[in-house]
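Participant: sequence unknown, structure follows:
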């Protein structure tokens, strides 16, 4: 079973610990790297190439919105999930190139589901974009 590699970025150690606990409940997910701000997340993403980057919207040096914008410009394949205490960051995050958004009051299951949905959506996109001979429409093809 292949795991989904995740980089998390949040300046709050307690939030990073909560994310680690939430993800640890799913053997298909693995937090491999942690950053304390958006700049460090950007540098680590370039170095390690995670499949998913979870970003806090508000961090020192470079916030998660700007980090999402920079990540999207440099790596179209990475899946980006921005989290915030504030719902009003949703539009900014998505406009910056994030693939998803969650408020920080989301439960553990919602966090895991959001990560999986980013990967599933990405694999569906790859199915649709790659020329595959099939008698079934792309939406019903089995992987």
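Facilitator: Great, that's in hand. Computed from a prediction, not measured in an experiment: that's the story for all the values here.
Participant: ranges for the strands of the chain?
Facilitator: Counting by DSSP state E, the chain has strands at residues 4-9, 29-35, 52-56, 79-84, 100-103.
Participant: between these, which one is closest to residue 19.
Facilitator: Proximity to residue 19 (C-beta to C-beta) singles out strand 4-9 among the strands of the chain, at 5.2 Å. Any C-beta I mention is one placed from the backbone N, CA and C, and that applies to glycine too.
Participant: one step back: which one of the strands of the chain is the most hemmed in?
Facilitator: Ranked by mean neighbour count, the strands of the chain are led by strand 52-56 with a mean of 29 (mean count of other C-beta atoms under 10 Å).
Participant: packing partners for that strand?
Facilitator: In terms of contacts (3 or more C-beta pairs under 8 Å, 6 or more residues apart in numbering; DSSP states H and E), strand 52-56 is packed against strand 4-9, helix 38-48, helix 64-74, strand 79-84, helix 108-129.
Participant: and stretch 41-57, end to end?
Facilitator: One end of stretch 41-57 sits 12 Å from the other (C-alpha to C-alpha, to the nearest Å).
Participant: buried stuff in that stretch?
Facilitator: Across stretch 41-57, burial judged by 16 or more other C-beta atoms under 10 Å covers 41, 42, 44, 45, 50, 51, 52, 53, 54, 55, 56, 57.
Participant: and which of those residues is nearest residue 14?
Facilitator: For the buried residues of stretch 41-57, the nearest to residue 14 is residue 56 (11.8 Å; C-beta to C-beta).
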